[in-house]
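1. A predicted structure for the sequence below; I have some questions about it.
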Amino acid sequence: MASPPDPAGARLGPFWLSPGVTRGNAATLLFGALSTLSLVTFVTAAQPYIFQILGIPQAEQGSLAGLLVSLQEGTQVLIAGLIGALSDRTGRRVVYVGGLVFTALSFVIYPLAGSEGELILYRIMYAVGMTAATVMMSTCFAEYTQDTSRGRWMGLVGVFNGLGVVLMATVLAKMPLWLADRGYDSVTAIRYTFWIFAGFTLLLALVLRAGLQGHASVAGRPRLTLLRQAASGISAARDNPRIGLAYLLAFASRGDLVIITTFIFLWVFQAGVDAGLTPGAATAKAGMIFGIAQGMALLWSPVMGMILDRIPRLTAVCVAFGLAGIGYSALGQVDDPFGPWMLPAAILAGIGEASAVVAAGVLIGQEAPAATRGTLIGVFGLCGSLGIVCLTFAGGLVFDAFGRNAPFAMMGIVNFAVLAAAFWVRRASVVTVRPDPLTSR
């Protein structure tokens with residue numbers, strides 16, 4: 001079970017904050033999460049406008065979009081561990097703020113791209129800045145709460161992350177249209193939108209610089225080169241099976257998220273066109289189903305957080321990935337996306353998605369020691385990026401080879417496999433762990 005609270009820490013509602021973390025630090029971080037997740041999805045939402053500016057033929061836009069996503073995730077794979085190791089030396093705030101400043105710079109030049117080559121270069125620049133920001137956001141969330149309320153805290157994080165995505169999709173993504181309605185041509189509208197976001201990103205950097213906790217020295221922090229320190233994040237999985245399990249959870253949970261985002265839209269759109277719907281009507285139907293799944297994920301995140309705080313953590317991880325396996329398997333069994341079973345299956349998949357994401361964040365936050373927490377969460381992010389790349393690629397193959405619902409059936413199998421691994425680690429912990437029930441997770 002979760003350990004009892006340390007009264008030296010402040011309280012923010014039902015959450016026990018770590019000693020030294022103020023309520024203002026925690027509130028600033030939550031605002032940072034809402035804003036950062038909006039920025040993460042902005043470039044993807046604005047991509048069609050950029051393709052229009054460059055005159056990319058529609059027949060080539062799909063492959064270019066896939067290339068840009070792959071380069072972005074590949075960049076995160078290469079640098080996430082180094083970013084985490086750097087933050088263990090310099091502090092989270094300086095890396096978080098630096099990442100946002102670099103992101104703002106990429107927003108300034110991104111809409112000025114004059115060719116596909118320039119667009120690729122600017123996307124890599126964006127990926128560097130956003131990797132620094134998101135890894136630090138995850139690290140701060142792990143550090144700002146005590147273990148006794150870690151599950152509820154990560155459930156709240158899931159809500160703020162979801163709100164950030166919803167804010168972008170429903171409000172901020174429409175900014176180019178608002179500018180166009182006021183008389184700006186499409187090129188000027190998208191450029192002004194990017195530059196407005198650049199200004200907001202710099203403002204966010206100033207807010208986080210003022211409101212996040214400063215750098216604190218941690219006893220036992222290793223004096224290693226950045227490369228060796230990053231490598232230590234991988235070797236930690238060998239010494240602590242629960243850290244290795246957390247890396248596996250990151251791989252699967254990030255895959256869960258991107259599979260449902262990518263293939264629900266594609267599945268429902270294609271089925272709608274086959275059924276005689278217009279492309280606009282098919283897109284609206286896909287958006288409705290996706291919105292229901294994500295709305296349920298938003299509502300379920302705090303519930304999963306409470307479960308993680310009330311029962312032994314590894315048991316809760318098993319529950320989470322059992323729910324994920326059931327949800328995605330149910331969606332994988334639906335043949336007609338317009339039939340009566342689609343919405344219940346989408347709701348179950350949303351519950352499973354939220355359960356997996358929250359459980360993964362709680363476990364790595366619990367197990368990562370303070371001296372190397374940035375490094376380990378950097379590797380955790382790396383594993384998540386690998387999950388996106390590998391599972392999206394495999395999902396595309398099974399989508400074409402076996403059917404439009406096949407990627408969800410595939411993720412059901414992946415989640416049940418992770419459940420088996422979690423059960424094995426839990427069983428091994430029960431056998432070998434010391435008898436103190438507070439540390440038997």
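-> Arrived safely, thanks for sending. Quick caveat, the model's predicted, so the values are computed rather than measured.

2. Tell me where the protein is predicted with low confidence.
-> Within the chain, the ranges that satisfy pLDDT under 70 run 1-3, 45, 58-59, 62-63, 169, 215-230, 279-280, 283, 430-441.

3. how is it carved up into domains?
-> For the chain, whose domains are defined here by automatic domain parsing, the residue ranges read 17-211, 233-429.

4. Let me see the ranges of the strands in the protein.
-> For the chain, strands defined by DSSP state E occupy the ranges 11-12, 15-16.

5. Quick one, which of these gets closest to Leu105.
-> With respect to Leu105, and counting by Cβ to Cβ, the nearest of the strands of the chain is strand 11-12 at 33.4 Å. Backbone N, C-alpha and C define where each C-beta goes, glycine included.

6. Run through who's touching the closest one.
-> Outside of strand 11-12, the residues within contact range by Cβ atoms under 8 Å, 6 or more residues apart in numbering are 17, 23, 26-27.

7. from those, which would you call buried?
-> Buried residues within those, defined by neighbour count using 16 or more other Cβ atoms under 10 Å: 17, 26.

8. Turn the domains of the chain into JSON lines, including distance to Ala8.
-> As requested, those are arranged in JSON lines below (distance: least, Cβ to Cβ, whole Å):
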{"stretch": "domain 17-211", "distance to Ala8": "4"}
{"stretch": "domain 233-429", "distance to Ala8": "15"}
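
9. Relative to Gly9, which of these is closest?
-> Nearest to Gly9, of all the domains of the chain, is domain 17-211, at 4.8 Å by Cβ to Cβ.

10. so what's Arg123 closest to, chain neighbours aside?
-> In space, not counting the residues next to it along the chain, Arg123 is nearest to Leu68; the distance is 5.0 Å by Cβ to Cβ, 6 or more residues apart in numbering.

11. Check the gap between the residue nearest to Phe321 when sequence neighbours are not counted and Ala330 for me.
-> By the measure of Cβ to Cβ, 6+ apart, the closest residue to Phe321 outside its immediate chain neighbours is Leu419, 4.2 Å from it. In this structure, Leu419 lies at 15 Å from Ala330, with Cβ to Cβ, to the nearest Å as the measure.

12. quick one: the most centrally placed residue in the chain from Gly98, how far?
-> The geometric centre of the chain, computed from its C-alpha atoms, lies nearest to Arg254 (Cα atoms, centre = their mean), at 6.4 Å. As judged by Cβ to Cβ, Arg254 and Gly98 stand 24 Å apart.

13. Who are the contact partners of Met79?
-> Actually, residue 79 is Ile rather than Met. Under the criterion of Cβ under 8 Å, 6+ apart, the contact partners of Ile79 comprise 128, 131.

14. Tyr96: neighbouring residues, count only.
-> Tyr96 has 27 neighbours, counted by other Cβ atoms under 10 Å.

15. how about the helices of the stretch 301-441 of the chain, start to end?
-> When assigned using DSSP state H, counting those that start in this stretch, the helices of the stretch 301-441 of the chain occupy the ranges 313-332, 342-367, 373-402, 406-432.

16. got the angle between the second one and helix 406-432?
-> Relative orientation of helix 342-367 with respect to helix 406-432: 40 degrees, computed using axes from the mean of the first three to the mean of the last three Cα atoms, to 10 degrees.

17. helices or strands next to helix 342-367 in the packing?
-> The criterion is 3 or more Cβ pairs under 8 Å, 6 or more residues apart in numbering; DSSP states H and E, and the helices and strands that helix 342-367 contacts are helix 116-144, helix 150-170, helix 241-274, helix 279-310, helix 313-332, helix 373-402, helix 406-432.

18. so how far is Met288 from Ala282?
-> On the measure of Cβ to Cβ, Ala282 and Met288 end up 11 Å apart.

19. what's the neighbour count on the nearest residue to Phe15 once chain neighbours are set aside?
-> Spatial nearest neighbour of Phe15, excluding adjacent residues (Cβ to Cβ, 6+ apart): Ser149 at 4.7 Å. As a burial measure, Ser149 scores 24 neighbours (other Cβ under 10 Å).
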